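1. what's the 3D shape of this:
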Amino acid sequence: MYQQNQLVEMRVDRFVRERLAPALERASAPVTIEAWEVPDEPVPFAQAVANTFTPFELGQAWGRPWGTVWFRVTGTVPAEWDADPDDVELVVDLGFTAGQVGFQAEGLVWATDGTIIKAIEPLNGYVRLRLAPGQPFEVYVEAAANPDVGSEFVDFVPTKLGRKSTAPQHPIYALRRMAVVHRDREVWELVQDVWTARGLAAVLPEQSPRRASLFAALDAVVDAVDPTDVHGTAAAGRAALAGVLASPAAATAHSIFAVGHAHIDSAWLWPVRETIRKCARTFSNVLDLMDQDADFVFACSSAQQFAWMKQFYPELFERIRVRVAEGRFVPVGGMWVESDTNMPGSEAMARQFVEGKRFFLEEFGFEPKEVWLPDSFGYSGALPQIARAAGADYFLTQKISWNETNKFPHHSFDWEGIDGTRIFTHFPPVDTYNSVLSGAELAHAEQNFADKGSANTSLVPFGFGDGGGGPTREMVAAAKRTASLEGSPTVRVATPAEFFAAASAEFSPAPVWAGELYLEFHRGTYTSQARTKHGNRRSEHLLHEAELWATTAAVRAGAAYPVEELRQAWRTVLLQQFHDILPGSSIGWVHDQAVENYGIVAEALEGVIARSVAALGDAASTAVVFNASPFAVDGVPAFGAGTASRPGDARIERSGDGFVLANALITVTVDGDGLVTSIVEAASGREALPPGTRANLLQLFRDTPTQWDAWDVDVEYRRFGDDLTALDSLEVVADGADSVALRIVRSFGSSVVTQTVSLDAGSAALDILTHVDWHEKQRMLKLAVPVDVHTASARSEIQFGHIERPTHTNTSWDTARFETPAHRWVHVAEAGFGVGVANDSTYGHDITRRARDGGGTYSLVRQTLLRAPMFPDPDADQGEHTLRTSIVVGGLDAAIEAGYRLNLPARTGQATAVEPLVSSETPAAVIETVKLAEDGSGDVIVRLYEAHGSRTTASIGVHFPHTGVTQTDLLERETAQDAVTGATGDGGSGDGGSGDGSGPGAVAISLRPFQLVTLRIARG
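-> Predicted structure coming up:
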């Protein structure tokens, strides 16, 4: 039987290849082609068609990398054709390669009136002309010569294609075909029948009767179709398959909800400007499919991509709006982009939802209820609470299926975040977001589904993605044929909301996964492209400052609040948190542009801050320090301005060939190699460093991952490391009572590191400023801080709290977590003593346990400062970088404060003392954000969280006249008042939600561990 079926397979495959495929067209006719090459960047339709077009021939080369050529195509449908207008099509092959759809040449077809008809893609190269025989036509094809930057992902060879400035200037495509064709619909339907039956048969057990019947029917198809008259006998071929395709699915068949989808990366192996065009191409394909099939449904995430359509393709956007209203073009995700979730800061992660949902509500009156992140590189343990606080009920990804070590135990479950919030989550067991609904994919979804017995439903996103393209009519045909087909899961084209309603109803209760969804892969993304990461971190904190001081100026001085400037800055930052930009996995062009954009953001926000600070001044103004941190700094209150003061107890002195830096809190010894050999806490006399170890140790490692260069760090790097102890110079550069400092210079390879190690008066933190002129390739630079504490875990800051991760390797899950992300600080401790290591732009860390001289273990904290991958950007991270580190002796609260201090340095301005608008009397209740309300009411929004992981009560001071305080969700809509327990003082009546408006007051709150709370304070 096996051999017989194998012969049938071969017979059928040749039959399709040599008989059916050529018969998909009944006839074809040539067209007239003219072309105009765009000199540089893409231009709008009206500008393009106004140029002079010259004759162009099939086979002629076109398109230098990243260039655009406009083709004017004219012709007439032959009068002798007996063709239904719906079967008359323009077919275009731009010279497509064997690479993936969306990673090469693409086109957008325009009518002469400037409306978009449809896109041209590999495997989707038709445009329905809908013309009767004898009718003429004229269209324009905007052809993008996007180079294939390694879409097969086999060898990851460095390429010059990732920047327009380094890409070759010769054409890289040749126009293969443009013709008007008469499509044979019946032959096309037969091809779809055969594809479905053949695909199903291939995945069934060899001894299955169903498999045998499918092969028998396929064999009969070949017999039924006359090779000399395929057009006339295709119906007979379809009849031979009709019986096996009509046999219904088993009652217990796995139930698949198929959702049309096109995961369009907002930048990756192409620049953002090309993504905008990719969206237009994909969405035009989708709209055309909707015109062809009334049951087709498409889900689209990323408000940014809708916003681009509104800005650059308004006619297309209005057509999308109509389909959204019908419930067929479905906004999902509720975020500005499909962002990374490991690195965006607390407020930025919240604003992904605020900006995304606000756009969808304002434009469509629609609020997505699911978080849609199929491809991000791991998921923060803070995300369930943030998502639920934004009104989301569900979460979807499939990326954890990429784990290198451990297989995740569930596909549908409740995901519990660090605060205890749960959100129903689904991992599509099909293990792709680019399904074509093949028999192999559907079978894999059914067999792979981990929750059999409890549930039997999964979601399959189908359509070409990453580079766009979306679903095709062949995929829609496959869905129809597998709606109820014996041997196959049932397939229903549906919306994500329909799926989640059905899937969540299957459990009572659902299994629970607590904590982060750590991706055991792509760990290098915490470090690659350090300038992008620095720009993100700096922008986030400038936004914090700008909103704080603009709000303070609005309330205290009546200054206008710069709504649009802030929104534009936020949208730029949110866009660049996309999961291939912030992680550093895009081509060089993308990161060059990102750094440029961060510069624009910084200039705009510095202007907002300067104007706000100036508005707070008066005739009596003097130079004062503005402190945007939620903690007092040098006597200046949190969120206020005043005169700074330090105790003046810093000192430095020689010690052998090294130095001792000291103040009243800590004493630091630096040896002749410029390495820290001792940090002693004055109050306890406790030594922070283990015996025989040195801190501020730079280590250089070989960094040659097996695959995915910019994405991956492989654990084998640990076998090949060098301690950088050789010294060029060591000198004192500051010796004052307020601060003392050393400068250390080292050379290695082709690079130079200059470090400034400083200790301020009154500070328990040793600050390290590391300037690297980096010219290594495939190397990784880490900074090591050994800490003499015996612990099995470490705490790392994430959004609105921290996560505690094991530092042992008891299980395969622990072992796989050898590189982890953190925000502004990490902290290791044993009872009564701890050390934090803070940073200003470093995300990648590894924290391990080592055997200690004299017994026991110590913790080794390492920051991953720089990498130098070769793909997709061969020049990644080359050049100068400045990174700041702080080693702080103390408890968790000291680490938290150090993180804010490094990232929100105090600034000087002309003013009298500025009283904070709000304050927290409890260190664990940290105010993250102060801003004005999104609705323009002038209400003050205060976002805060519990930072220590403990239950706490706090009094939030409100230092301006107000009429009431209301707890809201992230979109500033009133919600359950579960945290607000009362209001006191002149501004409140004590009922937790109102006040008399006569003056300042305080709000009493009660917080569970890591609870996130948003307060709306109505101004009096």
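2. Any stretches of the protein with poor pLDDT?
-> For the chain, the stretches with pLDDT under 70 are 1-3, 984-999.
3. cutoff 50 now
-> The chain contains residues with pLDDT under 50 at 987-998.
4. Okay, strands next: where are they in the stretch 151-300 of the chain?
-> Ranges of strands within the stretch 151-300 of the chain are 173-174, 177-183, 255-261, 298-300, based on DSSP state E, counting those that start in this stretch.
5. Include mean neighbour count when you put those strands into TSV, please.
-> Every residue, glycine included, has its C-beta placed from N, CA and C. As requested, the strands of the stretch 151-300 of the chain are arranged in TSV below (neighbours: other Cβ atoms under 10 Å):
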stretch	mean neighbour count
strand 173-174	20
strand 177-183	20
strand 255-261	27
strand 298-300	26
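6. which stretch among the ones you listed comes nearest Phe96?
-> strand 173-174 (8.4 Å; Cβ to Cβ).
7. which residues touch the closest one?
-> Strand 173-174 has contacts (Cβ atoms under 8 Å, 6 or more residues apart in numbering) with Gly59, Gln60, Ala61, Trp62, Gly63, Leu94, Gly95, Ala105, Ala145.
8. quick one: strands adjacent to that strand?
-> With DSSP bridges as the test, strand 173-174 is paired with strand 61-62 (antiparallel).
9. Other residues contacting the partner strand?
-> By Cβ under 8 Å, 6+ apart, the list of residues contacting strand 61-62 reads Ala35, Glu37, Phe56, Val69, Gly95, Ala143, Ala145, His170, Pro171, Tyr173, Ala174, Leu175.
10. I figured the third one hits Glu34, correct?
-> In other words, Phe56. Yes - Phe56 is within contact range of Glu34, at 5.8 Å (criterion: Cβ atoms under 8 Å).
11. who touches both of the two?
-> Residues touching both Phe56 and Glu34 (Cβ under 8 Å, 6+ apart): Phe71.
12. higher neighbour count, those two?
-> Using other Cβ atoms under 10 Å as the criterion, Phe56 and Glu34 rank with Phe56 on top: 19 against 15.
13. what's the helix or strand for the residue lying closest to the more buried one once chain neighbours are set aside?
-> Of all residues not flanking Phe56 in the chain, Ala35 sits nearest, at 4.0 Å (Cβ to Cβ, 6 or more residues apart in numbering). Following DSSP states H and E, one finds Ala35 within strand 32-37.
14. neighbours of Gln447, just the number please.
-> Other residues near Gln447 number 12, with proximity taken as other Cβ under 10 Å.
15. Report the secondary structure state of Leu865.
-> Put simply, Leu865 is strand when judged by DSSP: H, G, I helix; E, B strand; the rest coil.
16. Name all residues that make contact with the residue nearest to it when sequence neighbours are not counted.
-> Leaving aside its chain neighbours, Leu865 sits nearest to Leu781 (4.6 Å; criterion: Cβ to Cβ, 6+ apart). For Leu781, the contacting residues are Leu698, Gln699, Leu700, Phe701, Val772, Trp774, Thr864, Leu865, Leu866, Arg867, by Cβ under 8 Å, 6+ apart.
17. circling back: minimum distance to Gly844: which of the strands of the stretch 151-300 of the chain has it?
-> Gly844 lies closest, by Cβ to Cβ, to one member of these: strand 255-261, at 31.0 Å.
18. tell me what the closest one is packed against?
-> Where contact means 3 or more Cβ pairs under 8 Å, 6 or more residues apart in numbering; DSSP states H and E, strand 255-261 is packed against strand 298-300, helix 439-448, strand 457-462, helix 473-481, strand 490-493, helix 496-505.
19. can you redo these as JSON lines with distance to Glu653?
-> Listed next are the helices and strands packed on strand 255-261 as JSON lines, based on distance: least, Cβ to Cβ, whole Å:
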{"stretch": "strand 298-300", "distance to Glu653": "65"}
{"stretch": "helix 439-448", "distance to Glu653": "66"}
{"stretch": "strand 457-462", "distance to Glu653": "65"}
{"stretch": "helix 473-481", "distance to Glu653": "74"}
{"stretch": "strand 490-493", "distance to Glu653": "76"}
{"stretch": "helix 496-505", "distance to Glu653": "66"}
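20. right, and the ones you listed - which one's nearest Val713?
-> Val713 sits nearest to helix 439-448 of all the helices and strands packed on strand 255-261, at 27.7 Å, using Cβ to Cβ.
21. Please state the offset of that closest one from the chain centre?
-> In terms of Cα atoms, centre = their mean, to the nearest Å, the centre of helix 439-448 is found 27 Å from the chain centre.
22. mind listing what's buried in that helix?
-> Gly439, Glu441, Leu442, Ala443, His444, Ala445, Glu446, Asn448 (16 or more other Cβ atoms under 10 Å).
23. repeat for stretch 723-734
-> For stretch 723-734, by 16+ other Cβ under 10 Å, it's Leu724, Leu730, Ala734.
24. just stretch 40-53 next, same as before
-> Within stretch 40-53, the residues that count as buried by 16+ other Cβ under 10 Å are Pro42, Val43, Phe45, Ala48, Val49.
25. ok, the third one - contacts?
-> Taking Cβ under 8 Å, 6+ apart as the criterion, Phe45 is in contact with Trp110, Gly114, Tyr140, Glu142.
26. Pairing partners for the host helix or strand of the third one, with directions?
-> So that's Tyr140. In this assignment (DSSP H and E), Tyr140 forms part of strand 136-145. Take DSSP bridges as the rule and strand 136-145 pairs in its sheet with strand 67-76 (antiparallel), strand 106-111 (antiparallel).
27. what about Leu373, how many residues close to it?
-> Using other Cβ under 10 Å, Leu373 has 25 neighbouring residues.
28. That one against Asp340, yeah?
-> No - if you go by Cβ under 8 Å, Leu373 and Asp340 don't touch, sitting 9.2 Å apart.
29. which residues are in contact with both of the two?
-> Going by Cβ under 8 Å, 6+ apart, residues that sit against Leu373 and also against Asp340 are His579.
30. Turn the contacts of Phe45 into JSON lines, columns for neighbour count.
-> Output for these, formatted as JSON lines (neighbours: other Cβ under 10 Å):
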{"residue": "Trp110", "neighbour count": "20"}
{"residue": "Gly114", "neighbour count": "12"}
{"residue": "Tyr140", "neighbour count": "23"}
{"residue": "Glu142", "neighbour count": "25"}
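31. Wait, a strand at Val752?
-> Yes - Val752: assigned to a strand according to three-state DSSP.
32. For it, list each beta-bridge partner.
-> Counting by DSSP bridges, Val752 is bridged to Ser747, Asp773.
33. do the one 4 residues further on as well
-> Under DSSP bridges, the beta-bridge partners of Thr756 are Arg743, Leu769.
34. So it versus Val16, what's the distance?
-> 69 Å (Cβ to Cβ, to the nearest Å).
35. With Trp308 instead?
-> On the measure of Cβ to Cβ, Trp308 and Val16 end up 39 Å apart.
36. Could you do Ser920 as well?
-> 70 Å.
37. higher neighbour count, the two?
-> Ser920 (21 against 18).
38. Torsion angles phi and psi at that one?
-> For Ser920, the backbone dihedrals (degrees, to the nearest 10) come out as phi -120, psi 130.
39. ok now the strand holding Tyr140, how far from the chain's centre?
-> Using Cα atoms, centre = their mean, the offset of strand 136-145 from its chain centre is 34 Å.
40. buried ones in that strand?
-> Buried residues in strand 136-145, defined by neighbour count with 16+ other Cβ under 10 Å: Phe137, Val139, Tyr140, Val141, Glu142, Ala143, Ala144, Ala145.
41. Please render these as CSV that adds distance to Gln967 to the earlier fields.
-> Putting the buried residues of strand 136-145 into CSV (distance: Cβ to Cβ, whole Å) gives the following:
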residue, distance to Gln967
Phe137, 61
Val139, 56
Tyr140, 55
Val141, 55
Glu142, 51
Ala143, 54
Ala144, 49
Ala145, 54
